[in-house]
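**Q** sharing a model prediction with you, sequence too.
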Amino acid sequence: HTHTHTSAHLLICAVVRRSAVTPTIPTAAIHFYLMKNGFNTTDERVIKMVAMATQKFVADVATDALQHCKQRQAGIPASRRATAKDKRFVLTSADLQAALKEQGIGIAKPPYYV
């Protein structure tokens with residue numbers, strides 16, 4: 001357990017040193033959800049560390065969903081695809097579902113949408 005404690009301490013210290021970095025997800029939102037789920041802390045370093053980890057998770061899922069979207073759209077016949085000038089991607093819930101599945105999170109539409 002000493003190794004885990006040391007690793008956690010080093011990670012918190014790294015976050016404190018990078019205090020100029022402002023997470024995209026507001027720390028107030030992170031604090032709210034931590035408290036709502038029974039984790040009560042006033043240590044801003046811990047809240048900021050969770051905010052940064054959450055931001056990375058969301059970014060990873062979004063990147064994976066985009067890759068699924070690109071693969072899906074590559075399978076669309078050229079006659080139905082947008083022109084080279086109009087290279088927009090439309091993420092679907094199926095793209096998000098596939099990306100989350102890679103992270104070990106299963107989602108499904110409620111039966112009344114099927």
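**A** Structure received. Residues are numbered from 1 along each chain as shown.
**Q** ok, and the closest non-adjacent residue to the most centrally placed residue in the chain?
**A** In the chain, the residue lying closest to the centroid (Cα atoms, centre = their mean) is Val58, at 1.1 Å. Closest residue to Val58 apart from its sequence neighbours, by Cβ to Cβ, 6 or more residues apart in numbering: Ile25 at 7.5 Å. Backbone N, C-alpha and C define where each C-beta goes, glycine included.
**Q** can you tell me the element the one you found falls in?
**A** Using DSSP states H and E, Ile25 sits within no helix or strand.
**Q** hang on, isn't it packed against Lys56?
**A** No. Contact criterion Cβ atoms under 8 Å: Ile25 and Lys56 do not qualify, at 10.4 Å.
**Q** ok, now how distant is Lys48 from Gln73?
**A** 37 Å (Cβ to Cβ, to the nearest Å).
**Q** those two - which one has more neighbours?
**A** Comparing Lys48 with Gln73 by other Cβ atoms under 10 Å, the one with more neighbours is Lys48, at 20 against 16.
**Q** tell me how far that one lies from Val58.
**A** Relative to Val58, and taking Cβ to Cβ, Lys48 is found at 16 Å.
**Q** show me the helices in the chain, by range?
**A** 2-17, 27-36, 44-74, 93-102 (DSSP state H).
**Q** now for those helices, which one comes closest to Pro111?
**A** Closest to Pro111 of the helices of the chain is helix 93-102 (Cβ to Cβ; 14.9 Å).
**Q** need the residues that contact that closest one.
**A** By Cβ atoms under 8 Å, 6 or more residues apart in numbering, the residues outside helix 93-102 that reach it are 61-62, 64-69, 72, 106-109.
**Q** try it again at 6 Å.
**A** Outside of helix 93-102, the residues within contact range by Cβ atoms under 6 Å, 6 or more residues apart in numbering are Val61, Asp64, Ala65, His68, Cys69, Ile107.
**Q** now the angle from that helix to helix 44-74?
**A** 130 degrees (axes from the mean of the first three to the mean of the last three Cα atoms, to 10 degrees).
**Q** shaky segments in this protein?
**A** Within the chain, the stretches with pLDDT under 70 are 1-5, 8-9, 12-13, 15-19, 77-86, 113-114.
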